[in-house]
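Novice: sequence unknown, structure follows:
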């Protein structure tokens, strides 16, 4: 990305959350954290899903791969928070998040795919809420139900209502509003009727719930292959780092990550984050 080293005007807590599992939260967190580091920011990545610890395992895989390949990979400061540790309370977890926010430009938090007191408290602490959704009405159901014939909004879903209530409580307490970004994840390359219907439904719903829409990561095999090695689409496109000969799929995925970072940082940085010149380097 642009070597001008963009910075937030103040530290930001970015919470990646959705009460439905399988939406790609962890993949998004890791790619976002590494992309922000490559943009010159100091980043802490927090695993708040103690039951799964997918982010923790991802970071462990990344460390092992870097040592095995003898290559330098940017690794965010990482720690796990959650009720897997009996002594840890929600208040303690939030204090720790505040400590990290005081020491890093950005704190990115991976959350559990369900509702509990810790999850709700982390939502309350967010400056930016990023909600990834698979491109289907099954996933969209957490935000709203739709009329089966007209696809008009019929009822706000449980997660949508929770975020609505949270924002109303913040306004009542004269706190800054939460910036909410809904990311369409695992997009198909085909221009299907479903894809068009989802786009229209999200556009209508964004007017009601007050979020911004962003296109996330396409359905690419490489994102599934990255996990065992702890790699991301924001890493160097070299055979030395990847362990395989890079392809155009790697380059396209990197462009997607850069575009998504710009969407998330929109209006929040002091310098523009321009596109990095990409080279598919097999050396």
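Specialist: On my side now, so go ahead. Please read these numbers as outputs of a predicted model, since none were measured by experiment.
Novice: check which helix or strand covers the residue lying closest to residue 19 once chain neighbours are set aside.
Specialist: Nearest non-adjacent residue to residue 19, counting by CB to CB, 6 or more residues apart in numbering: residue 159, 4.7 Å away. For the C-beta atoms, the positions are set from N, CA and C on the backbone; glycine is no exception. In the assignment (DSSP states H and E), residue 159 maps to helix 158-172.
Novice: Show me what that helix packs onto, helices and strands only.
Specialist: Applying 3 or more CB pairs under 8 Å, 6 or more residues apart in numbering; DSSP states H and E, one finds that helix 158-172 makes contact with helix 117-125, helix 193-209.
Novice: which parts of the first one are buried?
Specialist: Read that as helix 117-125. Of all the residues in helix 117-125, those buried under the rule 16 or more other CB atoms under 10 Å are 118-119, 122-123.
Novice: what about it, average pLDDT?
Specialist: Confidence over helix 117-125 (mean pLDDT, whole number) is 91.
Novice: Can you name every helix or strand that it contacts?
Specialist: On a contact count with 3+ CB pairs under 8 Å, 6+ apart, helix 117-125 meets strand 12-16, strand 43-48, helix 90-103, strand 106-111, helix 158-172.
Novice: who's in contact with it?
Specialist: Taking contacts as CB atoms under 8 Å, 6 or more residues apart in numbering, the residues outside helix 117-125 that touch it are 13, 15, 17, 19, 48, 81-83, 90, 93-94, 97-98, 109, 111-112, 129, 162-163, 166, 169-170.
Novice: so what strands line up beside the helix or strand that comes right after it?
Specialist: Scanning forward in sequence from helix 117-125, with DSSP H and E defining helices and strands, the next element found is strand 128-134. The strands that strand 128-134 pairs with in its sheet are strand 12-16 (parallel), strand 179-185 (parallel) (by DSSP bridges).
Novice: what's the next helix or strand after the shortest one packed up against?
Specialist: Scanning the chain past strand 12-16 towards its C-terminal end, the next helix or strand to appear is helix 25-38 (assignment: DSSP H and E). Contact here means 3+ CB pairs under 8 Å, 6+ apart; on that basis helix 25-38 packs against strand 12-16, strand 43-48, helix 54-69, strand 106-111, strand 128-134, helix 248-264.
Novice: Tell me what angle helix 25-38 forms with strand 179-185.
Specialist: Counting by axes from the mean of the first three to the mean of the last three CA atoms, to 10 degrees, helix 25-38 lies at 110 degrees to strand 179-185.
Novice: tell me the mean pLDDT for helix 25-38?
Specialist: Per-residue pLDDT values over helix 25-38 give a mean of 94.
Novice: who touches it?
Specialist: Helix 25-38 is contacted by residues 1, 14, 16-18, 43, 45, 54-55, 58-59, 62, 74, 76, 105-106, 108-111, 113, 130, 132, 183, 185, 216-217, 223, 226-227, 230, 232-235, 257-258, 260-261, 264 when judged by CB under 8 Å, 6+ apart.
Novice: What angle do strand 43-48 and that helix make with each other?
Specialist: 160 degrees.
Novice: can you list the weak-confidence ranges in the stretch 151-283 of the chain?
Specialist: Counting by pLDDT under 70, the stretch 151-283 of the chain shows low-confidence ranges at 188-190, 266-283.
Novice: The stretch 1-150 of the chain now?
Specialist: Across the stretch 1-150 of the chain, the ranges flagged by pLDDT under 70 are 1-10, 82-88.
Novice: Before I go, just wanted to say thanks for your time.
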